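> sequence and predicted structure are below.
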Amino acid sequence: MPDAMCGRVLASPRFVEAAQTLATNMLAAGDGDSALSGIFKDAGRYVVALVALHLDLSGGLTLPRLKLFCAGSGFLSPGRARAVLLYLRYLGYVESDSERPRGQPRRYRTTSAFVAAWRIQCVAALRAASIIDPQVQIVLARFGEEEVFSRFVRLHAELLLTSAPSVDQKSALVDGLLHRSAGSQVAWTLLTSGTDDFPPRVPTHVSTASMAKRFSVSRIHIRRVLDAAERRFLLRRDGDGGICFADASRDVIRLFYAQQLMHLLDAAARTLTEQPGLSPALKPAA
């Protein structure tokens, strides 16, 4: 993602509001659907879900294709892609075709429950992006239409998958939080703990018990996630036990959210441009 594109998002007077809203809306989406919350558990699950729906909408979902795309993203191994596909089947989000041509890999398809859940999380994210550019509301107003939804999902997935290989998988943010079970959800909790800035500068007291219950993990696991993030200098604790993102990690967090918002804005812009009948006023990023 070119620095200039993210710079425009970071420079928006409403960036803090948009970034906080994105984290808040993702938490709410997970609270409203335990299966979706399971997909939010770590970056690998999210990438498999994203790729599965993208493949189903563009040529067919098979395990070999899923492995290829997931390995190319850098976020998980081909073996983990198989395991998460089984998890999606367990959730009722993916089902296999009853017939398979001889010598061909088994084809899968996403279910209506998965499509409905993914539409909810897309709407939640787009509402945050619309704070930066209200023209996103044009897409949201038509998001219940299958063609508009499918086109946005395809474009958004392509943008994310194109940029994914450039992500440093060993960075403190990715390796220290996003790849840990419930790591993203813990981050969202901390990021929405205050409105003074993004990330909030004022330490807050978080309940490991309430987070454990909310995200269906153990309290000791939440403590381990927090401790590991502190060791990687992502988080800091004050003398009173309050916790917040460390000063050294603030720019990384802000850039990460600017990139997410930019992907959403770009995909919405391209949807407006490509979809007949929608206003082309919002131009895709160059």
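Arrived safely. Numbering: from 1, shown residues only.

> okay, CA-based contacts and neighbour counts for the rest of this
Noted.

> any stretches of this structure with poor pLDDT?
Within the chain, the segments meeting pLDDT under 70 span 1-3, 100-101, 276, 278-286.

> helices of that one, start to end?
Applying DSSP state H to the chain gives helices spanning 3-10, 15-32, 34-39, 43-57, 63-73, 78-91, 112-132, 136-141, 146-163, 172-173, 183-191, 208-215, 219-231, 247-274.

> from the contact counts, what lies against the longest one?
Contact here means 3 or more C-alpha pairs under 8 Å, 6 or more residues apart in numbering; DSSP states H and E; on that basis helix 247-274 packs against helix 3-10, helix 15-32, helix 112-132, helix 136-141, helix 146-163.

> swap in 7 Å and give it another go.
Applying 3 or more C-alpha pairs under 7 Å, 6 or more residues apart in numbering; DSSP states H and E, we find helix 247-274 packed against helix 3-10, helix 112-132, helix 136-141, helix 146-163.

> likewise the third one?
The helices and strands touching helix 34-39, judged by 3+ C-alpha pairs under 7 Å, 6+ apart, are helix 15-32.

> ok so, going back, export the helices of the chain to TSV and tack on mean neighbour count and distance to residue 238?
Compiled in TSV, the helices of the chain are given as follows (neighbours: other C-alpha atoms under 10 Å; distance: least, C-alpha to C-alpha, whole Å):
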stretch	mean neighbour count	distance to residue 238
helix 3-10	16	28
helix 15-32	21	22
helix 34-39	20	30
helix 43-57	23	29
helix 63-73	19	37
helix 78-91	17	38
helix 112-132	20	31
helix 136-141	18	40
helix 146-163	19	36
helix 172-173	20	20
helix 183-191	22	14
helix 208-215	16	17
helix 219-231	17	12
helix 247-274	21	13
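
> for residue 200, which of those helices is the nearest?
helix 183-191 (6.3 Å; C-alpha to C-alpha).
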